[in-house]
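Chemist: predicted structure and sequence below. I'll ask about it afterward.
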Amino acid sequence: MSTTQPAVILRQLEQTGAADVELLARFTATKDAPAFAELVRRYGALVLGVCRRVTGHPQDAEDAFQATFLVLAQKASTLRSGVPLGSWLHGVAYRVAWRARRSAVRRRAREVPVSVMPEPHAPAPTSAMPELTPILDEELAALPACYRDAIVLCDLQGASREEAAAALSIPEGTLSSRLANGRKKLAARLMKRGVSLSVAALATSIATAQASVTVPNELLTRTCGLVADYAAGGALPSSLARLADGGFTVRKMLMIGTLMMVAVAGAVFAARPRDGAPPIDSPKPLVIAQNPEADLQPEPKPEPKPAPDPKPGDKVSFTTKPRLIQTLDVRLKPISEVSWRNDGHFLLVQGVGTDAGTKDQNMAIVLPDVLNPRGVRKVEFPLHRSNSVARFLPDNKTIVADRREYELLSGRHRLYFYEVVSISDWGLRREVELEATDISSYVFAPDCKTFRTMRQERDDKGTPTKLEVLEVDAATGKTGKSFLKVDYENFLYGRNYLSPDAKRLAVPDKELTKITVYDVDRGVKLSEYKFPAEDLAVRPSFSNLEFSQDGRLLVVQRSVGQTVVVNTDTGEALPPLEMLEKARTSPHPHAFSGDGRLLALACSEYQEPKPKKGTPFDPNNFGPPKTFLTVWDTQTGKVLKMWPRTPRVAFCPTRPVLAILEPNGEYETRVGFWDFSAEVEKK
């Protein structure tokens, strides 16, 4: 039984600059409490920061913190040289925290509150971008080890480049190169998740996200006490044991002696520097051969790696045999709307509910992590009317739905803002009455404080005379700045479209001979596309316009054989789309991929009836159509894939993945995700 006094332990710690490998060796050999307490002190802030960012809940974060150091105690005797201990602990903490978050979600979903209980507040957010913290550690863990090690050492642990290079046993120039390349790759991954940061600002944001994390002394004491119990062969709380086990069998370490809890507590208090005392020098971190992925089952499982980013001189291609990577069923039928969140991780599906008690109820279902192969959980909530249209806002956590009651003289016209924080935390946050009742479309600014929309000016007889693009305050519903007005005298009423970023407006003329694209911010004409003379000889049967996500491409659907993709910067047509000589496309479904390279449209191939001899060919006189869902490469006009039938579709904004929604039985809709990724081909 140890009788070591706290003051003695304090003096031991102040005099030691022991390396991590030495501290772990002492703990493995003699169950040295001060040695393990020093490791908790060194890496506690790093581990707790990861746990807080991933779980988003203070109590869950503390559980994950303790479980992470239990894993370290379990693995202490098997760790060898190879990877810095800080990087190893970051990977373990990330996966344990994900497991804690998943368990908490399941637990809270089963709980039925009997009264409103106050929830402990999470630590005050740092000055780092709030949207960065939930995904920072996920994307950092997905980086190659050489880049991750450099970023964890320099940005999260605050080591100098000289210290980090020494810890990794590499030249300082090599360390600098890895750090710069790692930050670039991390910034690119975050960009795809909707977080825009320059490489220069990334390091500051990471450091800021970690800077305010301090480990409470009580948590240090409790953690070391649990490790002492474990080392002495004692039982652990079942919740922590499940988090630490992570699906692999824990080998009990050989026990040599026992530790008194007094000694452990003393070690924890002694491990903290005294007021006014100089900080203990941070010794060279231990490097470990073990792979974090081998110690814990990944939570969540990594997504299939996308094709590498193209380099100068590379030619990007897409497969003509897309892979079906995920399917799921939702109890909605029919589907009225489908859209992605701009980071490509959530899918919003809207339709008529078919569960008991919700039949004929307009519903929206949010499908989180739809491209994750371990499965999808759903958040569903009712919408007010059948004419509601729901969309994700740019902040990636709010859904807006509109309610328009044109059929009532006393109808209300409102926007409803739903915040979806997690599977178990969502709800209606606010309602906004719209000042203008005749507006259409809602394109929100990045800060979500305003949105742009279109409105028709009418004469005394109710005839539309002008089209106006204006700004509306999202908090009050009041109209504000007017950007652009177009006179209907020269243009076709009802065929006007804003780009997804609301920076461009496309308007056809009355005779459907040309399409004019306007720059909304400047209020001037940007470009114009005129149909060729041979097309003008054919009577147009319909017209539809759709922009790509960035507004630089516009698909114009006019008549049989007259669907064209136009570059809105120049007004020039891209290569013609294959197989449309005797076919036309329909307004629905339609979808551009995030980069505009892929286009999915419903295609109707008309069967030409047998004409009488001497009767001229009439392109508008066709028999019953055969319908197909067709995907083209817009840069070449080549058909990549055709499917029979025309279901609802939506392209992921960050990957060439197409969501296809089709009826599956009487009550359900099948959602399938098809990946068009192909390897990068060298010229």
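Modeler: Perfect, thanks for sending it. Numbering: from 1, shown residues only.
Chemist: tell me where the stretch 101-250 of the chain has strands.
Modeler: In the stretch 101-250 of the chain, no strands are found when defined by DSSP state E, counting those that start in this stretch.
Chemist: so where's it shaky on pLDDT?
Modeler: 108-134, 194, 212, 234-236, 245-250 (pLDDT under 70).
Chemist: now do 80
Modeler: Applying pLDDT under 80 to the stretch 101-250 of the chain flags the ranges 102-135, 191-212, 228-250.
Chemist: would you say residue 661 is within a strand?
Modeler: Yes: looking at residue 661 with DSSP: H, G, I helix; E, B strand; the rest coil, it is inside a strand.
Chemist: show me the contacts for the closest residue to it other than its chain neighbours.
Modeler: Nearest non-adjacent residue to residue 661, counting by CB to CB, 6 or more residues apart in numbering: residue 648, 4.2 Å away. (C-beta placed from N, C-alpha, C; glycine too.) Residues in contact with residue 648, defined by CB atoms under 8 Å, 6 or more residues apart in numbering, are 335, 338, 588, 589, 660, 661, 662.
Chemist: repeat that for 10 Å
Modeler: Listed by CB atoms under 10 Å, 6 or more residues apart in numbering, the contact set of residue 648 reads 334-338, 349, 351, 588-589, 591, 602, 629, 659-662, 669, 671.
Chemist: and residue 335, by the same measure?
Modeler: Counting by CB under 10 Å, 6+ apart, residue 335 makes contact with 349-352, 365, 589, 647-648, 661-663, 669, 671.
Chemist: show me the beta-bridge partners of it.
Modeler: residue 351 (DSSP bridges).
Chemist: so it versus residue 31, what's the distance?
Modeler: 61 Å (CB to CB, to the nearest Å).
Chemist: next one: residue 210
Modeler: Where residue 31 is concerned, residue 210 sits at a distance of 31 Å (CB to CB).
Chemist: what does residue 220 give?
Modeler: Per CB to CB, residue 220 is found 18 Å from residue 31.
Chemist: rewinding a little: which among the contacts of residue 648 count as buried?
Modeler: 335-338, 349, 351, 589, 591, 602, 629, 659-662, 669, 671 (16 or more other CB atoms under 10 Å).
Chemist: which parts of the stretch 301-450 of the chain are strands?
Modeler: Using DSSP E, counting those that start in this stretch, strands in the stretch 301-450 of the chain cover 314-330, 332-340, 346-353, 362-368, 379-382, 390-392, 398-404, 413-420, 426-433, 439-444, 450-458.
Chemist: residue 582 is nearest to which of those?
Modeler: Relative to residue 582, the nearest member of those by CB to CB is strand 314-330, separated by 22.2 Å.
Chemist: which helices and strands sit right next to the closest one?
Modeler: Packing partners of strand 314-330 (3 or more CB pairs under 10 Å, 6 or more residues apart in numbering; DSSP states H and E): strand 346-353, strand 362-368, strand 625-633, strand 639-644, strand 657-664, strand 668-682.
Chemist: now distance to residue 460 and mean pLDDT too, for those, in TSV please.
Modeler: Formatted as TSV, those follow (distance: least, CB to CB, whole Å; pLDDT from 0 to 100):
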stretch	distance to residue 460	mean pLDDT
strand 346-353	37	86
strand 362-368	36	80
strand 625-633	43	85
strand 639-644	50	90
strand 657-664	44	92
strand 668-682	46	78
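Chemist: ok, which of those strands comes nearest residue 317?
Modeler: Judging the helices and strands packed on strand 314-330 by CB to CB, what sits closest to residue 317 is strand 668-682, at 4.8 Å.
Chemist: now that closest one, how far from the chain's geometric center?
Modeler: Put simply, strand 668-682 sits 17 Å off its chain's centre (CA atoms, centre = their mean, to the nearest Å).
Chemist: so which bits of it are buried?
Modeler: For strand 668-682, a neighbour-count test (16+ other CB under 10 Å) marks 669, 671, 672, 673, 674, 675, 676, 677, 678 as buried.
Chemist: what strands line up against that strand, and which way round?
Modeler: Counting by DSSP bridges, strand 668-682 is paired with strand 314-330 (antiparallel), strand 657-664 (antiparallel).
Chemist: in TSV, list these along with distance to residue 638.
Modeler: Shown next, in TSV, are the strands paired with strand 668-682 (distance: least, CB to CB, whole Å):
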stretch	distance to residue 638
strand 314-330	8
strand 657-664	16
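Chemist: quick check: which of the ones you listed is buried the most?
Modeler: Between the strands paired with strand 668-682, strand 657-664 has the highest mean count of neighbours, a mean of 20, where neighbours are mean count of other CB atoms under 10 Å.
Chemist: tilt between it and strand 362-368?
Modeler: 140 degrees (axes from the mean of the first three to the mean of the last three CA atoms, to 10 degrees).
Chemist: kindly export strand 657-664 (C-alpha atoms) in PDB.
Modeler: Extracted in PDB, the C-alpha atoms of strand 657-664 (Å, rounded to 0.1, in the frame of the first residue of the first chain):
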ATOM      1  CA  VAL A 657     -23.600  11.500 -56.400                       C
ATOM      2  CA  LEU A 658     -27.200  11.500 -57.600                       C
ATOM      3  CA  ALA A 659     -30.200  10.900 -55.300                       C
ATOM      4  CA  ILE A 660     -33.000   9.100 -57.100                       C
ATOM      5  CA  LEU A 661     -36.400   8.900 -55.400                       C
ATOM      6  CA  GLU A 662     -39.000   6.500 -56.800                       C
ATOM      7  CA  PRO A 663     -42.200   4.800 -55.400                       C
ATOM      8  CA  ASN A 664     -41.700   1.600 -53.500                       C
END
